[in-house]
Structure formats: structure tokens, C-alpha cells
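Asker: Curious how this folds, go ahead:
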Amino acid sequence: MRSNMRIGSHPIHPMLIPFPFALWTTSVLADLYAAARDQFHYIGYWLAVAGCAGAVLAAIPGLVDYFTVIPQGTRAKRTGLWHGALNIMALAFFIISITARPDPAFMNYWAYLASGLGLLLIAISGWLGGSLVYDHKVGVPDVELDGGTPGTATTAGARR
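Answerer: Residues are numbered from 1 along each chain as shown. Sure, this is the predicted structure:
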């Protein structure tokens, strides 16, 4: 299944997703380091902001492929829906983390909780994104999409 948003045969969505994942993960680590060292949280703040911008950019080709390539009524469509919904929730949690801070230099418990939940959600969503590629072949050129019809045992990834 060939992605509609690609450069050559390479889909754009998987090219962009490492940025928000890495930026948000590093944001959480930077905030924990700053807390342990009793330092300011500027780095974590700006990494979280950059991660949010990267997430919005990565979502555009993902949404295009979700609505134009993946067939309705398939497991791939349902997996894609969960993948996108968890990413939107993660984005919301990181926005909450950013806005809950009294100042870019400081954190509070709500900001820590929100960024921790956002990180957990992108970990789950990343696993689902991998399932879309490896199990259902979404974005893999010259390979037939295995969307998996709900209720059947003949989906990609099933033991043969």
C-alpha cells in the first residue's frame, strides 16, 4: 500500500514521527534532571514546545493516509484510529504540561503528571503505529494492504 504523502516511495509520516517522540522524551528527562539538580526547567519546556510543533507536522501526512488509503471496516482502520487518538491525547497532555507550568523555568506536580501521561501515551501509540506498518503493511510500497477484516483470523501477523 503506497502512501499518498511520500517522497519517492518513502512515506513522509514515518520520517517525521521521530522528532516529537524524541523531543517529548528528552523533555521529560530534562525536567527530571533539572528537578534532581534543583535547576531551572527551561530546556524541558522548550523541548516540549518543539515536540508539540513536530507532532502537529507529523499528524498531517498521517491523517491524509488514514483518510485516503486505509479501507473502511478493517482492523488497520481501527488501529489507525486508536493510534491517532492516543497521539492527540498525548499532544493535549504535553500542552497541559506546558501551560500548567507557572513559568518556563519552573515545574509543578500537574506539569509532571501531564508530561508523564503524554509520554506513556506516545509509547503505546508508537507500538500501534508499528503494527500498522509491520502487521497491516500501511505505507509499504508494492505490497498489498492487509487491513484485516474484523472478526476474521486471517490478518497479517497471525501465526501460520
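
Asker: Quick check: the nearest residue to Met5 once chain neighbours are set aside vs His41, distance?
Answerer: Ranked by Cβ to Cβ, 6 or more residues apart in numbering and with sequence neighbours excluded, the top spatial neighbour of Met5 is Pro61, at 3.7 Å. Every residue, glycine included, has its C-beta placed from N, CA and C. The gap separating Pro61 from His41 is 32 Å, by Cβ to Cβ, to the nearest Å.

Asker: Also Gly118?
Answerer: Gly118 is 16 Å from His41, by Cβ to Cβ.

Asker: Compare those two (neighbour count), which wins?
Answerer: Gly118 (28 against 23; other Cβ atoms under 10 Å).

Asker: buried ones in stretch 30-46?
Answerer: Ala30, Asp31, Leu32, Ala34, His41, Ile43, Gly44, Tyr45 (16 or more other Cβ atoms under 10 Å).

Asker: Residues touching that stretch, excluding its own?
Answerer: Outside of stretch 30-46, the residues within contact range by Cβ atoms under 8 Å, 6 or more residues apart in numbering are Ser27, Val28, Leu47, Ile98, Arg101, Pro104, Ala105, Phe106, Met107, Ala111, Tyr112, Ser115.

Asker: Could I get the full set of helices for this structure?
Answerer: Applying DSSP state H to the chain gives helices spanning 13-16, 18-36, 42-68, 75-100, 109-134.

Asker: how about the ones you listed in JSON lines, adding distance to Val140 and mean pLDDT?
Answerer: Below are these laid out as JSON lines (distance: least, Cβ to Cβ, whole Å; pLDDT from 0 to 100):
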{"stretch": "helix 13-16", "distance to Val140": "10", "mean pLDDT": "92"}
{"stretch": "helix 18-36", "distance to Val140": "18", "mean pLDDT": "96"}
{"stretch": "helix 42-68", "distance to Val140": "12", "mean pLDDT": "95"}
{"stretch": "helix 75-100", "distance to Val140": "12", "mean pLDDT": "96"}
{"stretch": "helix 109-134", "distance to Val140": "7", "mean pLDDT": "95"}
